[in-house]
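Colleague: Based on what follows, work out the 3D shape:
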Amino acid sequence: MFDSNKQSAGQRFTPLLPALLLGSVLSQMAWAGEPPGPRSLWHTPPNPPPVTSTPTPRKPWMLRDREIELDLPLLHILKDAGARPLPRMTIDLFDNITPELDVSSTVSRINDTAVIRGTFKPPVQGDFTFVITGNLLVGTIQIGPRIYKTDHVGNGRLRLVELDPDKMPRD
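Modeller: This is a model prediction of the structure:
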């Protein structure tokens, strides 16, 4: 009745099980070894909300501006002074310029505010200072002669502005 040449499916594949498990573990280790690519701290929203009031006239020192939307999980990691090492982060400026942040200082306050300072990873030469309160980020960025700032424009909306330092009023 029982043929010794016939084995159950489980008995035939039992020697393959350790090989499959080892292959799975090795492939997981290979993927884990690759550092993830940088994520952008903000991006242009796909559908900005309609303007409900008359837009403020552009000041002569404003070269260009656009609305931005923050990556909130990334913002909260950046704001946390104890979160080290930080994931790789970039910021999306104009003309496809996306420098990578090199954070040198994070000072968190008890009132849900943090001040972040740093430079950019080479080859970009410049620095930035961000103040994060809740889910809002305001700050200044300087890359070579170019100056950028982020502003809160209302209702949690932010914009990125490129400034002309020669036309800016002196304090």
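
Colleague: got the contact list for stretch 157-171?
Modeller: 42, 49, 60-70, 93-94, 136-138, 145-153 (C-beta atoms under 8 Å, 6 or more residues apart in numbering). Yep, even glycine has a C-beta here, placed from its N, CA and C like the rest.

Colleague: Could I have the buried ones of the residues you listed as ChimeraX selection syntax?
Modeller: Per 16 or more other C-beta atoms under 10 Å, the buried members of these correspond to this ChimeraX selection:
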select :42,65,68,70,93,136,137,146,147,148,149,150,151
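
Colleague: Mark which of the contacts of stretch 157-171 are part of strands, please.
Modeller: 42, 62-70, 136-138, 146-153 (DSSP state E).

Colleague: how many other residues sit next to the nearest residue to Phe120 once chain neighbours are set aside?
Modeller: Of all residues not flanking Phe120 in the chain, Pro99 sits nearest, at 4.2 Å (C-beta to C-beta, 6 or more residues apart in numbering). Residues near Pro99, counting by other C-beta atoms under 10 Å, number 22.

Colleague: contacts for stretch 127-144?
Modeller: Contacts for stretch 127-144 (C-beta under 8 Å, 6+ apart): 41-42, 70, 72, 75, 78-79, 91, 93, 97, 99, 101, 111-120, 124-126, 147-152, 156, 158.

Colleague: Pretty sure Leu75 sits in a helix.
Modeller: Yes - counting by DSSP: H, G, I helix; E, B strand; the rest coil, Leu75 is part of a helix.

Colleague: So what's the residue count around it?
Modeller: 20.

Colleague: wait, isn't it in contact with Leu41?
Modeller: Yes - applying C-beta atoms under 8 Å, one finds Leu75 in contact with Leu41, separated by 6.8 Å.

Colleague: Just after the lowest-mean-pLDDT helix or strand in the chain, pick out the following helix or strand.
Modeller: Every helix and strand in the chain was compared by mean pLDDT, DSSP states H and E; the lowest is helix 16-33, with a mean of 54. Next helix or strand after helix 16-33 toward the C-terminus (DSSP states H and E): strand 39-40.

Colleague: what are the pairing partners of that following strand, and which direction each?
Modeller: Sheet pairing here is set by DSSP bridges, and for strand 39-40 it gives strand 89-90 (parallel).

Colleague: For the partner strand, what is the distance to the chain centroid?
Modeller: Remark: strand 89-90 is offset 4 Å from the chain centroid, using C-alpha atoms, centre = their mean, to the nearest Å.

Colleague: tell me the mean pLDDT for it?
Modeller: What strand 89-90 shows for mean pLDDT is 96.

Colleague: ok, and what's touching it?
Modeller: With C-beta under 8 Å, 6+ apart as the test, strand 89-90 has contacts from 38-41, 74, 78, 98-101.
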